[in-house]
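Enquirer: sequence below, structure please.
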Amino acid sequence: MELLSLVWTNLMRNKVRTVLTTLSVFVALFLFCLLHGVTDTLTESTKVGSERRLVTRNKLSLVFPLPMSHLEKIRAVPGVSALTWSNWFGGEDPVNPREFYAKFAVDSKTYFPLYASDMEIVAASPAPEGTPVPPGVPANLAAYMNERTACVVGEGLLKKMGWKLGQTIRVNGTIYPGSWAYTIRGVYRPKVKAMDAETMFFHWDYLYENTNRNAMVGIYQFALSDPTQAAAVGKRIDDLFENSAYATHTETERAFQAGFVSMFGNIPFVIMVIGLAVAFSIFLVAAVTMMMAIRERTPEFAVLKTLGFADGSLFFMVLAEASAITLTGGIAGSLLAKFLLEKSGLGLPGFSVMFVHWETVLLGIGVAALMGAFSGLLPAWQASRLKIVDALRKVG
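Expert: Just a heads-up that it's a prediction; the model follows:
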């Protein structure tokens, strides 16, 4: 207790220096965890897809579509239990062109039943009683299903754009030129943490009927009756079209999503390097600060040794001071990064709302502990090895 009391007294002796050093560590670990949150989000996004669902795309590239003629052939493959399809739409909001969000044209009567386990409809426009709804489609989507220009948007997107249920919005097409009108008839909320809450879905028929293109599909998505046969079913499908003009590549939905993350290249590695560089810079600041503090107190250490304090006690005291500063700043910075990022609702375009894993928070605290240990190690060793006679010469 006597040593801990001395540690506290020494920390409070120069409050300005202690506070500034703690704030430096706080900022460093806040930025470290904040940057690492990007990596956490990208990694978690690869888990959005299910191993029970497969995706079939053009073998050459995702940007090349597939013909509708593939539909029945894929459906006839043993092991395929439910099939749907979708197209990436592109386009931008004419009011907020910089606000990107994903837009998909989907075959609604098969898409929503297939993804019922991943999302729930939390708000929808009312429809007249008895309005028909295809099997498996949520009953509250009756108005959406019976309106060609209707769309369903994520809860996060509705909030971010300031839209309201029943509002008509417009999108300027890029891949599909023109000014497209959509009426918001449903709002979904992800059931899966990593699923994007800022996507818009609309009827594939609306897209097809208003373009001069042949009926082409971006990707086919389907469920398996037996998930253990994913590789075999995928191979059967790809073998069907191996020699056609539209050869396919079939993979699990999770692998398909991981392909999107791989487009970011080495960005996660670069982010990690930047975060560590920031932390190392603050480590140098903390180390220099501790060295200055110990040099100023050299005569005091001589007096403490004269009073009977052992070398190990002085070593512990100095190391504890450095650790207290870095751990206080590190714990506060790491926790704030997690809660601030997750409460802000910020998200990566096309991915989920950003978050920081608890493992990252613990990593940040661990980095802070190492900073304290290494920044205080040399000053602590110098204090413990100090000779009383040499130190007392500086007194007065």
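Enquirer: how is the chain divided into domains?
Expert: Taking automatic domain parsing as the reference, the chain has its domains at 2-45+265-392, 60-246.
Enquirer: ok, of these, where does mean pLDDT dip lowest?
Expert: For the domains of the chain, mean pLDDT drops lowest on domain 2-45+265-392, to a mean of 75.
Enquirer: which element is residue 239 on?
Expert: For residue 239, the enclosing helix or strand under DSSP states H and E is helix 230-240.
Enquirer: buried sites along that helix?
Expert: For helix 230-240, a neighbour-count test (16 or more other Cβ atoms under 10 Å) marks 230, 233, 234, 236, 237, 238, 240 as buried. Where C-beta positions appear, they are placed from N, C-alpha and C, glycine not excepted.
Enquirer: mind putting these into JSON lines with distance to residue 148?
Expert: Output for these, formatted as JSON lines (distance: Cβ to Cβ, whole Å):
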{"residue": "230", "distance to residue 148": "35"}
{"residue": "233", "distance to residue 148": "34"}
{"residue": "234", "distance to residue 148": "34"}
{"residue": "236", "distance to residue 148": "35"}
{"residue": "237", "distance to residue 148": "31"}
{"residue": "238", "distance to residue 148": "34"}
{"residue": "240", "distance to residue 148": "33"}
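Enquirer: count of neighbours near residue 385?
Expert: If you count neighbours by other Cβ atoms under 10 Å, residue 385 ends up with 10.
Enquirer: so how far is residue 322 from it?
Expert: Residue 385 sits 17 Å away from residue 322, going by Cβ to Cβ, to the nearest Å.
Enquirer: which ones are touching residue 119?
Expert: Counting by Cβ atoms under 8 Å, 6 or more residues apart in numbering, residue 119 touches 188, 189, 190, 191, 195.
Enquirer: can you flag the buried ones in the residues you listed?
Expert: Using 16+ other Cβ under 10 Å as the burial test, those include 188, 190, 195 as buried.
Enquirer: now intersect these with the strands, please.
Expert: 188, 190 (DSSP state E).
Enquirer: I'd like to know which elements the one helix or strand residue 72 maps to is packed against.
Expert: Assigned by DSSP H and E, residue 72 belongs to helix 70-75. Here helix 70-75 touches strand 80-88, strand 219-224, helix 230-240, going by 3 or more Cβ pairs under 8 Å, 6 or more residues apart in numbering; DSSP states H and E.
Enquirer: figure out which of these is closest to residue 335.
Expert: Smallest distance to residue 335 across those (Cβ to Cβ): 37.9 Å, for strand 80-88.
Enquirer: before we move on, the earlier item: right, and the helices and strands packed on helix 70-75 - which one's nearest residue 329?
Expert: Proximity to residue 329 (Cβ to Cβ) singles out strand 80-88 among the helices and strands packed on helix 70-75, at 44.3 Å.
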